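**Q** got a predicted structure plus its sequence, pasted below:
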Amino acid sequence: MGSGTTLVEAKLLNRNAIGVDINLQSVSISETNLQFQCETKSKICMRKANAADLDFIKDSSIDFICTHPPYADIIKYSQDIEGDISLLTYEDFLKEMIPVAQESYRVLKKGKRCAVMIGDMRKRGKVVPLGFRVMDRFLQAGFAIEEIIIKKQHHCRSTKYWEKQNNNFLLLEHEYIFVFQK
Ligand SMILES: C[S@@+](CC[C@H](N)C(=O)[O-])C[C@H]1O[C@@H](n2cnc3c(N)ncnc32)[C@H](O)[C@@H]1O
């Protein structure tokens, strides 16, 4: 859920939505961001929960999943919240994405889609292919990949920082949106 961007769009599109985040602060920021008036019939529910355990959602009951996990520990979203995968190092993060992908598969209706936004990282000069490794976790959970969308990003707040750090390396100027189908 983060700050509730996806839920804002769901409300504007007249869709019912369930937003999930492990961090209670995210729930409260999203509640604030959803307090705008517009003509809509959508019902939005926000919940503090772990994406690896969606036991409050029935099997095969969801029409679309839109998820944007942390990029391992590049940005830590909390100091010590249990289950916060932004506190995990690369390999542990990838392990925890297995139940996240399995739960996504379980709750989605057959034939429906799950979109995952994620980017790569660079550590000590080498590219760490976080995106494709996360994609692999969703394939292992049973999904088929329908689209790999490249989202370009320019002029980010951190671009100047990375230009200085990178010496002769190319900047990572894209993220992925993987569209899976159950
Ligand atoms: C990249 S941010 C999402 C940003 C969001 N797309 C937005 O527009 O604000 C990742 C979010 O994942 C949450 N998170 C971390 N571990 C989680 C888990 N196990 N289950 C659910 N949410 C988790 C973090 O608290 C953070 O809000």
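**A** In hand now; what should we look at? Numbers count the residues shown, from 1 in each chain.

**Q** point to the helix or strand of the protein where mean pLDDT is at its lowest.
**A** Of the helices and strands making up the chain, the lowest-confidence element is helix 159-165, at a mean of 72, by mean pLDDT, DSSP states H and E.

**Q** contacts for that helix?
**A** Contacts of helix 159-165 from elsewhere in the structure, counted by CB atoms under 8 Å, 6 or more residues apart in numbering, are L171, L172. For glycine as for every other residue, the C-beta is placed from the backbone atoms N, C-alpha and C.

**Q** now the element after it, going C-ward?
**A** As assigned by DSSP states H and E, the chain's next helix or strand after helix 159-165 is strand 174-181.

**Q** so what touches that following strand?
**A** Residues from elsewhere that reach strand 174-181, judged by CB under 8 Å, 6+ apart: 111-119, 131, 134-135, 138-139, 143-153.

**Q** again with stretch 5-13
**A** Residues from elsewhere that reach stretch 5-13 (CB under 8 Å, 6+ apart): 1, 16-17, 19, 30, 33-34, 36, 38, 40, 42, 44, 46, 66, 68.

**Q** can you give me the helices for the chain?
**A** 5-12, 24-33, 90-107, 130-140, 159-165 (DSSP state H).

**Q** name the helices or strands packed onto the third one?
**A** When contacts are defined as 3 or more CB pairs under 8 Å, 6 or more residues apart in numbering; DSSP states H and E, helix 90-107 sits against strand 62-67, helix 130-140.

**Q** got it, and the fourth one?
**A** For helix 130-140, the packing partners by 3+ CB pairs under 8 Å, 6+ apart come out as helix 90-107, strand 108-119, strand 144-152, strand 174-181.

**Q** let me have these in JSON lines, adding mean pLDDT as columns.
**A** Supplementary listing: the helices and strands packed on helix 130-140 in JSON lines, determined by pLDDT from 0 to 100:
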{"stretch": "helix 90-107", "mean pLDDT": "98"}
{"stretch": "strand 108-119", "mean pLDDT": "98"}
{"stretch": "strand 144-152", "mean pLDDT": "97"}
{"stretch": "strand 174-181", "mean pLDDT": "97"}
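
**Q** so K109 versus the ligand, what's the distance?
**A** K109 sits 21 Å away from the ligand, taking CB to the nearest ligand atom, to the nearest Å as the criterion.

**Q** what does the chain put close to the ligand?
**A** Contacts of the chain with the ligand, taken as CB under 6 Å from any ligand atom, map to 2-3, 5, 20-23, 26, 50-52, 68-70, 77, 83-86.

**Q** that older thread, could you export the helices and strands packed on helix 90-107 as JSON lines, including mean pLDDT?
**A** As requested, the helices and strands packed on helix 90-107 are exported to JSON lines (pLDDT from 0 to 100):
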{"stretch": "strand 62-67", "mean pLDDT": "98"}
{"stretch": "helix 130-140", "mean pLDDT": "98"}
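
**Q** just those: most buried one?
**A** Across the helices and strands packed on helix 90-107, averaging neighbours per residue (mean count of other CB atoms under 10 Å) puts helix 130-140 on top, at a mean of 18.
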